[in-house]
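> have a look; sequence and predicted model below, questions after that.
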Amino acid sequence: MFVCKVLFFFSLFMIFYVYAGYPFCVWILARMIHNSVDKARYEPTVTILIAAYNEEKYIGQTIANKLQLDYPKSKLEIIVISDESTDKTNEIINQFNNQNVSLLLQKPRSGKTSALNLAIPHAHGEILVFSDANSIYAPDALKQIVANFHDPEVGYVTGKMIYTDSDGTPIGDGCSAYMKYENFLRSMETQIGSVVGVDGGIDAMRKDIHSKLNSDQLPDFVQPLKVVEKGFRVVYESSALLKEDSLQESRDEYRMRVRVTLRALWALKDMDCLLFGRGGFLFSWQLWSHKVLRYFCFVFLGIAFAANLLLVPDDPIFRAFLGCQFVCYTGAILSPVFTHYGRDFTLLRLLYYFMLLNVASLHATIKFLQGKKQVIWSPRKG
């Protein structure tokens, strides 16, 4: 039973460390290091890249939004890559062809990464900005992003995502609990050096350090890691705001999390040199703590539950622990039922999302161990 106790308490410690201990450590370090970014008014030439597949619902609004950004029109171009779209996406894009908007056709359909590889040689901007086909930027978002590139140490910048309802209004105070948590981490990580996670809908990087990626690599993850490998910083700009429709169905959120986690696991495998010190000890620790251990937290949850079952006859304290676990998992499972009947409990929603993330990580890990990869997928549903 001693081994079971060790495994149980070690697993509890790791779960606590992943979700609370690491953020606390980063918060402390940020107050000790405070590696600020030398931001200033800066207006380089910019190319906004948008990969699209069957996005007729959003693409017109997205392009119009980019054309209305508060940025010199003579220094801005937009390239949309249609990944063999079969709806009216291409027709809608062509309506903007006299406004510094270019359409590139990718055939056969090969996914976002290949689409970006296709577009880079056609981009004239010093700064590349990556937008999703349904991403709506705040008017000053581009200026806020590029101001960070005044600092020669900065190679990659990510903005702040705000999830909205279908009518465009922010959910709650403007961000889901998960995104608020992630954005807090990014803010702290920026102060100590580089962030290890970005939002693919509002990212930017220096064109001269862009790396061509394999079609199965996740550009939102691998590209920033390659920037760190080259000795540049990846930073978070909280003033550069992006609005995207929230996913309305849990199954859509689940599929998205499985896909993103699977591609992230392959990215970590491809860039494993950074896990072992290539980008410095500090960044290696961040990568292990923020990504690797987070993706494999389901292992610690499983061990804690299994060890707790074996320890129940041993001590009343472990019966209490097991009771807490049952209550939490049951509450998470029942959360959608309560919501369906108009009873919305914040704690249960958080537990449900926590469980969804970890089950999705388990699913993605099984696919990863089977050698499966996902290069293309259907548009994100809002």
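Ah, there it is. Numbering: from 1, shown residues only.

> can you show me the helices along the protein?
Using DSSP state H, the helices of the chain run over residues 2-16, 22-33, 59-67, 89-94, 112-119, 141-146, 177-192, 219-229, 250-270, 281-287, 293-295, 297-311, 316-340, 346-369.

> could you dump the ones you listed to JSON lines with mean neighbour count and distance to Glu153?
(C-beta placed from N, C-alpha, C; glycine too.) Conversion of the helices of the chain to JSON lines gives the following (neighbours: other Cβ atoms under 10 Å; distance: least, Cβ to Cβ, whole Å):
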{"stretch": "helix 2-16", "mean neighbour count": "15", "distance to Glu153": "33"}
{"stretch": "helix 22-33", "mean neighbour count": "15", "distance to Glu153": "14"}
{"stretch": "helix 59-67", "mean neighbour count": "20", "distance to Glu153": "27"}
{"stretch": "helix 89-94", "mean neighbour count": "19", "distance to Glu153": "36"}
{"stretch": "helix 112-119", "mean neighbour count": "22", "distance to Glu153": "24"}
{"stretch": "helix 141-146", "mean neighbour count": "24", "distance to Glu153": "15"}
{"stretch": "helix 177-192", "mean neighbour count": "19", "distance to Glu153": "12"}
{"stretch": "helix 219-229", "mean neighbour count": "23", "distance to Glu153": "11"}
{"stretch": "helix 250-270", "mean neighbour count": "19", "distance to Glu153": "23"}
{"stretch": "helix 281-287", "mean neighbour count": "18", "distance to Glu153": "14"}
{"stretch": "helix 293-295", "mean neighbour count": "20", "distance to Glu153": "27"}
{"stretch": "helix 297-311", "mean neighbour count": "18", "distance to Glu153": "32"}
{"stretch": "helix 316-340", "mean neighbour count": "14", "distance to Glu153": "43"}
{"stretch": "helix 346-369", "mean neighbour count": "18", "distance to Glu153": "33"}
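
> can you list these in CSV and add distance to Asp132?
As requested, those are arranged in CSV below (distance: least, Cβ to Cβ, whole Å):
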stretch, distance to Asp132
helix 2-16, 32
helix 22-33, 27
helix 59-67, 8
helix 89-94, 13
helix 112-119, 9
helix 141-146, 13
helix 177-192, 15
helix 219-229, 10
helix 250-270, 12
helix 281-287, 24
helix 293-295, 23
helix 297-311, 27
helix 316-340, 27
helix 346-369, 20
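
> now for Val26: which residues touch it?
By Cβ atoms under 8 Å, 6 or more residues apart in numbering, the contact list for Val26 reads 185, 188-189, 192, 286.

> now with 6 Å?
The contact partners of Val26, taken as Cβ atoms under 6 Å, 6 or more residues apart in numbering, are Met188.

> do you know which of the helices of the chain lies nearest Ser238?
Smallest distance to Ser238 across the helices of the chain (Cβ to Cβ): 6.2 Å, for helix 177-192.

> what's the closest one packed up against?
helix 22-33, strand 233-245 (3 or more Cβ pairs under 6 Å, 6 or more residues apart in numbering; DSSP states H and E).

> if we use 8 Å, what do you get?
helix 22-33, strand 154-164, strand 233-245, helix 346-369 (3 or more Cβ pairs under 8 Å, 6 or more residues apart in numbering; DSSP states H and E).

> dump these into a markdown table; add distance to Met14 as well.
As requested, these are arranged in a markdown table below (distance: least, Cβ to Cβ, whole Å):
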| stretch | distance to Met14 |
| --- | --- |
| helix 22-33 | 10 |
| strand 154-164 | 27 |
| strand 233-245 | 26 |
| helix 346-369 | 13 |
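
> isn't Ile48 up against Ile127?
No. In this structure, Ile48 is not within contact of Ile127 by Cβ atoms under 8 Å, at 9.5 Å.

> who has more neighbours, those two?
The neighbour count for Ile48 versus Ile127, taken as other Cβ atoms under 10 Å, is higher for Ile48 (28 against 24).

> separation between the more buried one and Lys291?
Distance, Ile48 to Lys291, using Cβ to Cβ, to the nearest Å: 27 Å.

> now the protein, which segments are flagged as low pLDDT?
For the chain, applying pLDDT under 70 flags the ranges 164-175, 245-248, 377-382.

> 80 instead?
163-177, 199-200, 244-250, 314, 339-342, 344, 376-382 (pLDDT under 80).

> apart from its chain neighbours, what residue comes closest to Asn117?
Lys212 (5.4 Å; Cβ to Cβ, 6 or more residues apart in numbering).

> enumerate every residue touching Leu241.
Leu241 touches 137-138, 141, 159-160, 162, 202, counting by Cβ under 8 Å, 6+ apart.

> surely the residue nearest to Asn117 and Ala119 touch.
No. When contacts are counted by Cβ under 8 Å, Lys212 is not listed as touching Ala119 (11.4 Å).

> mutual contacts of those two, please.
Joint contacts of Lys212 and Ala119 (Cβ under 8 Å, 6+ apart) do not exist.

> residue contacts, Tyr295?
Contacts of Tyr295 by Cβ under 8 Å, 6+ apart are 261, 264-265, 361, 364-365.

> kindly apply the preceding question to Ala204 instead.
By Cβ under 8 Å, 6+ apart, the neighbours of Ala204 are 46, 127-130, 145-146, 149, 156-158.
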